[in-house]
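A.B. asks: Give me coordinates for this.
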Amino acid sequence: MRPAIYVSQRTLDLLTDDELEAVLAHEHHHLRVRDPLRFAYGSILSQALFFVPVLRPLCDRYGDVAELRADDAAIRASAGERAPLASALLVFDASGNPGVAGISPERVDSLLGHPVRWRVPRGPMLASLAALSGASGLIWQASAVASAHATFNLPFLSSQPCLGILTFLPLVGCVGVFARRGRRTGNAKWPWRRPVPH
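C.D. replies: Numbering: from 1, shown residues only. Below you'll find the model as predicted:
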């Protein structure tokens, strides 16, 4: 709930001042829009609603888009220069353990100025729609049985609004996250500097 940025001594040793500024601007963007919390929500949602298989690739895609937007924030903080962030990525990739660090091809394409393209996964989307339709049918049947035995059933407490909410809430939530994320932009100066050793 209170995100913070932690910088290791090794990072300070490896990066130049410009690279460090770009990395901190990138991480500050994640902090400002609370991306770690969003990633956690997405992971929980995709695991809890395992019968909606499209959620996992959508959450992964959201993570990719969040990285690209943080890269854009770092480029803006570097006065439009892409080199400091690209150089920092290469330093991290070269200094990391084999198989641990890696540079996303989408991030490289974005830093090179090429548009990133993505397609909605049709298979998981169709499977998700089938699963939601099946769940809706089961809930509808269960609500019909429950309402037949209910003794207190006001019109506004009917099972149909609950059915609609249970059916569309996950989809509306995902659309809302993507729409809100798309509206967030900003430009700021970053006051961080490398600490001066005594």
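
A.B. asks: Poorly predicted segments of the chain, please.
C.D. replies: 98-102, 118, 120, 145-171, 173-174, 176-198 (pLDDT under 70).

A.B. asks: show me where it has helices.
C.D. replies: Listed in chain order, the helices of the chain (DSSP state H) span 9-14, 17-32, 35-48, 55-77, 83-95, 105-111, 122-149, 159-183.

A.B. asks: Give me the residues contacting the second one.
C.D. replies: Helix 17-32 is touched from outside by 3-5, 7, 11-12, 15, 35-36, 66, 69-71, 73-78, 81, 83-85, 87-88, 91, 186, 188, 190, 192-194, with contacts defined as C-beta atoms under 8 Å, 6 or more residues apart in numbering. Where you see a C-beta, it was placed from the backbone N, CA and C, and this is true even at glycine.

A.B. asks: Name only those of those residues that count as buried.
C.D. replies: By neighbour count, with 16 or more other C-beta atoms under 10 Å, these hold 11, 15, 35, 66, 69-71, 73-78, 84-85, 88, 91, 190 as buried.

A.B. asks: now do the same end-to-end measure for stretch 11-19.
C.D. replies: Start-to-end span of stretch 11-19 (C-alpha to C-alpha, to the nearest Å) is 10 Å.

A.B. asks: buried ones in stretch 127-141?
C.D. replies: So, applying 16+ other C-beta under 10 Å, buried residues of stretch 127-141: 128, 131-132, 135.

A.B. asks: how far does that stretch sit from the chain's center?
C.D. replies: Averaging C-alpha positions (C-alpha atoms, centre = their mean, to the nearest Å) puts stretch 127-141 26 Å from its chain's average.

A.B. asks: Could you measure from the closest residue to Ala66 other than its chain neighbours over to Ala77?
C.D. replies: Closest residue to Ala66 apart from its sequence neighbours, by C-beta to C-beta, 6 or more residues apart in numbering: Asp35 at 4.9 Å. To Ala77, Asp35 is 16 Å away according to C-beta to C-beta, to the nearest Å.

A.B. asks: cool, Arg119 as well?
C.D. replies: Separation of Arg119 from Ala77 (C-beta to C-beta): 31 Å.

A.B. asks: No further questions, thank you.
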